[in-house]
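J.: Here is my input; please provide its structure:
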Amino acid sequence: MRVHTGVAKFATILLIAGLAISAPLFAAGAKEASKIRIGYIVKTLGNPFWQKYKDGAEAAGKKLGVSVTVRDVPTEGDFKAQLDVAKTMVSQNYKAIVAASITNTNLIPAIAEANKRNIRWVVVSEDQDPAVLAKMNASVTTKCRLSFYDEGVLIGKYIAKRLDGKGEVGIVAGMAGTSATTDRIQGIKDVFKDYPDLKIVSTQPGDWQREKAHDIAVNMMHANPGLSAIIANNDDMALGATAAVKQAGKEGKVFVTGDDGTDQAYQAIKDGSLAATVDGLPWLIAYYSVFAATKAVVEKADTLPNLSLHPFLVTKDNVDDVLKLSPRPTQAAFDENKNIYTPIPGYPTN
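T.: Next up is the predicted model:
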C-alpha cells in the first residue's frame with residue numbers, strides 16, 4: 001500500500017478542523033457521487049462500539065457526497081437476522097456493501113450473491129473464512145480492519161508490565177468461533193510465553209454480554225482467590241467484570257481490561273474502575289471503509305489493496321485526550337497508523 005506523503009498535514013487538519021463534514025468541495029466527482037449508494041452493516045447499535053462505526057461511516061458519506069445506509073440487528077448473536085439484512089441490501093442493488101459480519105461465515109451467501117450482481121464488498125471487523133469463500137465461489141473487494149491478534153498482544157504486554165511478569169489472570173472471552181475472540185486470546189497467550197510466572201487460570205466465554213461477564217467474573221474470583229487481573233475481550237464484558245470486582249470488595253486487588261474503545265470504557269478508566277482498554281479505532285475504520293467502497297465503485301475495481309490499521313492502548317495516562325475527541329481518533333492514533341488512505345481521483349483527498 002502506498003503511504004500518503006501528507007500524513008502529518010492530513011492528521012493535523014483532521015484534529016484542528018474536527019474532520020469537518022460540510023458539503024463536499026469538489027466538482028469532478030460530485031455528479032457521480034450522488035448516485036453511489038453504499039449499504040453498511042454493523043452488528044448491533046445497542047453496543048456503543050458499533051455506534052462509533054455508524055458515526056464514522058456517515059461522516060465519510062457526507063465528506064464524499066455518497067449515500068450511506070447503516071443497518072444492524074438486535075444482538076451480536078443474530079446470525080440469521082444479519083444475513084437477511086445483507087440479502088435485502090443485495091436485492092436493493094447498492095453499489096457497494098461494507099459489512100462487519102457476526103462470524104467469519106454467516107454473510108458469505110450474501111457475498112456470493114453480491115458478486116453476481118457486481119456489487120463491491122468491503123470487510124470490516126470479522127475476517128471471512130477463505131475456505132468457505134472458495135467453496136461458494138465468493139470473493140471480497142477489500143478489507144479495512146485491524147489485527148485482533150495485535151490487540152491481544154497489546155493487552156498481553158500491558159498485563160505483563162502491570163503485574164511485573166507474575167500473577168494469576170482470568171479471561172472473559174467473546175463469542176466462541178469468532179476470530180475476534182480466538183485471535184485476541186492467542187495474542188495474549190503468545191506474550192505470556194515469555195513470562196512463566198504469569199498464568200491464565202480460567203478462560204470462559206461471555207458471548208460479548210455484560211451480564212454474563214459479570215457472573216463469570218464473580219465465579220472466577222471465588223474459584224481463584226489469588227486472581228490479580230481479568231481480561232475481557234470487549235468493553236461491555238469488561239464493565240460487567242468491573243461491577244463484579246466492586247461488589248466483591250476487590251478494587252485495587254483485581255484489575256480489569258477491556259477491548260474495543262467505547263466512551264463508557266473510557267469513562268470507567270477515568271473513574272479508576274477499569275485499568276485499560278484497546279481502542280479498536282471503530283470511527284476511523286468505518287470512515288476509511290466508506291472511502292474504500294467508493295474508490296472501488298468509481299474505479300470499477302474488483303479488488304483493492306487491503307487497509308490494515310493498528311490498535312491503540314488507552315490507559316489513565318491518555319484517556320482525557322481520547323475522551324476529548326471521541327468518537328474521532330486522536331493524533332496519536334493517526335500517527336500509529338501512518339495514514340493508510342489513497343486518494344480517489346476527482347474526490348476529496350481526506
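J.: For Pro225, see how far away the residue nearest to Ala333 when sequence neighbours are not counted is.
T.: Using Cβ to Cβ, 6 or more residues apart in numbering and skipping the chain neighbours, the partner closest in space to Ala333 is Phe312 (4.8 Å). Using the backbone N, CA and C atoms, a C-beta is placed for each residue, glycine as well. Counting by Cβ to Cβ, to the nearest Å, the gap from Phe312 to Pro225 is 34 Å.
J.: Between these two, point out the one with more neighbours.
T.: Per other Cβ atoms under 10 Å, whichever of Phe312 and Pro225 has more neighbours is Phe312, with 25 against 8.
J.: a strand runs through Ser308, doesn't it?
T.: Yes: the assignment for Ser308 is a strand, going by DSSP: H, G, I helix; E, B strand; the rest coil.
J.: what sits against it?
T.: Listed by Cβ atoms under 8 Å, 6 or more residues apart in numbering, the contact set of Ser308 reads 1, 143, 145-147, 340.
J.: Same question for Ala248.
T.: Ala248 is in contact with 218, 221, 254, counting by Cβ under 8 Å, 6+ apart.
J.: confidence score at it?
T.: We have a pLDDT of 97 for Ala248.
J.: what does stretch 111-127 rub up against?
T.: The contact list for stretch 111-127 (Cβ under 8 Å, 6+ apart) reads 43, 53, 87, 90, 93-104, 128, 133, 136-145, 178-180, 285-286, 289, 292-293, 296-297, 301-302.
J.: how much space between Arg328 and Ala268?
T.: Applying Cβ to Cβ, the value for Arg328 to Ala268 is 20 Å.
J.: What of Lys80?
T.: Lys80 is 33 Å from Ala268, by Cβ to Cβ.
J.: Neighbour count for the two, which is higher?
T.: Taking neighbours as other Cβ under 10 Å, Lys80 and Ala268 compare with Ala268 leading, 22 against 10.
J.: The more buried one and Ser139, how far apart?
T.: 41 Å.
J.: which residues of the stretch 201-350 of the chain fall in helices?
T.: 210-223, 235-247, 263-271, 282-298, 319-325, 331-337 (DSSP state H, counting those that start in this stretch).
J.: And the stretch 51-200 of the chain, by the same measure?
T.: In the stretch 51-200 of the chain, the helices defined using DSSP H, counting those that start in this stretch lie at 79-91, 108-116, 130-135, 148-162, 179-192.
J.: Out of those helices, flag the one nearest Arg210.
T.: Shortest distance between Arg210 and these, using Cβ to Cβ, is found for helix 179-192: 16.1 Å.
J.: Helix 148-162 and the closest one, what's the angle between them?
T.: For helix 179-192 against helix 148-162, the angle by axes from the mean of the first three to the mean of the last three Cα atoms, to 10 degrees is 40 degrees.
J.: which parts of helix 179-192 are buried?
T.: Neighbour counts over helix 179-192 (16 or more other Cβ atoms under 10 Å) mark 179-188, 191-192 as buried.
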